[in-house]
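Student: here is a sequence together with a model predicted from it:
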Amino acid sequence: MSRAESPPPEKKSHAKKVCAGLKRAYPDATCALTHANPYQLLVATILSAQCTDARVNMVTPELFRRYPNAASLAHAERNELEELIRSTGFFRAKARNLLEMAGQLVSRHHGEIPRKLEDLTALSGVGRKTANVVLGTAFGIARGIVVDTHVRRLAKRLGLTTKNAPEQIERELMEIVPRSQWVDLSHRLIHHGRRVCLARRPRCEACSLSAICPKVGVSAAVNTAKPERSKTARKRSTQSAAQS
Ligand code: SF4
């Protein structure tokens, strides 16, 4: 959406209701990645690509004990680093990015985490989403809106966007949501996506936003979802497979 075509007022008013509903439901929602400083959050966010936050939180305590800052990470031994982060998946590419990123932090920013989006996205392994996470959560700077898989799915279901590409979704959200709510909105959408508006089985009947949600594409998601099998059924199937 170009700046010239400002969004219709009803879209902004709908976004306002969604933001208010999410705030009531998750007043204290914040980033689920455990971190004590901007460096730790940046590393954890890079590791969280294609991996759950819970898994990343299992790996980072030892990682940060061994490499407490960019300088120590820049000199990490590659094999050792790969072993430490192996369980987060794509560990070779992630280790390469972490080593390069840490070296760049040392050479360009005296080992500190920059506070500009352009400086962050110039680092290896850091895209716009990661940069927005670090700016918003570590520094309280709302430069954009984090669009991860949950935000993407929920923004569509809630009728906040019709776009598919994360950058386009982010732009649309930025047009209809006040900047003061950008950081909280993504935290709250992510919380809601994990607890209620699940990818395959959105729990609309238990959702506090149900009255204002157009539920775009929800029936299609439910119809294509594989039925959940009960524990007993899974056990029986495993037993018969073992006996055959
Ligand atoms: S009503 Fe359904 S589709 Fe809409 S946000 Fe809630 S769970 Fe998601």
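Tutor: Great, that's in hand.
Student: the helix or strand hosting E118 packs against which elements?
Tutor: Under the criterion of DSSP states H and E, E118 resides in helix 117-121. Counting contacts by 3 or more C-beta pairs under 8 Å, 6 or more residues apart in numbering; DSSP states H and E, helix 117-121 packs against helix 128-133. Any C-beta I mention is one placed from the backbone N, CA and C, and that applies to glycine too.
Student: elements contacting the helix it packs on?
Tutor: Using 3+ C-beta pairs under 8 Å, 6+ apart, helix 128-133 is in contact with helix 38-47, helix 117-121, helix 166-176.
Student: any idea how far the next helix-or-strand element following it is from the chain center?
Tutor: Downstream of helix 128-133, the first helix or strand assigned by DSSP H and E is helix 139. Distance of helix 139 from the chain centroid (C-alpha atoms, centre = their mean, to the nearest Å) equals 17 Å.
Student: which residues in this protein form helices?
Tutor: Along the chain, counting by DSSP state H, helices occupy 9-25, 38-47, 53-66, 70-74, 78-85, 91-109, 117-121, 128-133, 139, 149-157, 166-176, 182-195, 218-224, 231-243.
Student: okay, those helices in JSON lines with distance to the ligand next?
Tutor: Output for the helices of the chain, formatted as JSON lines (distance: least, C-beta to the nearest ligand atom, whole Å):
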{"stretch": "helix 9-25", "distance to the ligand": "8"}
{"stretch": "helix 38-47", "distance to the ligand": "25"}
{"stretch": "helix 53-66", "distance to the ligand": "20"}
{"stretch": "helix 70-74", "distance to the ligand": "39"}
{"stretch": "helix 78-85", "distance to the ligand": "33"}
{"stretch": "helix 91-109", "distance to the ligand": "31"}
{"stretch": "helix 117-121", "distance to the ligand": "29"}
{"stretch": "helix 128-133", "distance to the ligand": "21"}
{"stretch": "helix 139", "distance to the ligand": "29"}
{"stretch": "helix 149-157", "distance to the ligand": "4"}
{"stretch": "helix 166-176", "distance to the ligand": "15"}
{"stretch": "helix 182-195", "distance to the ligand": "7"}
{"stretch": "helix 218-224", "distance to the ligand": "5"}
{"stretch": "helix 231-243", "distance to the ligand": "24"}
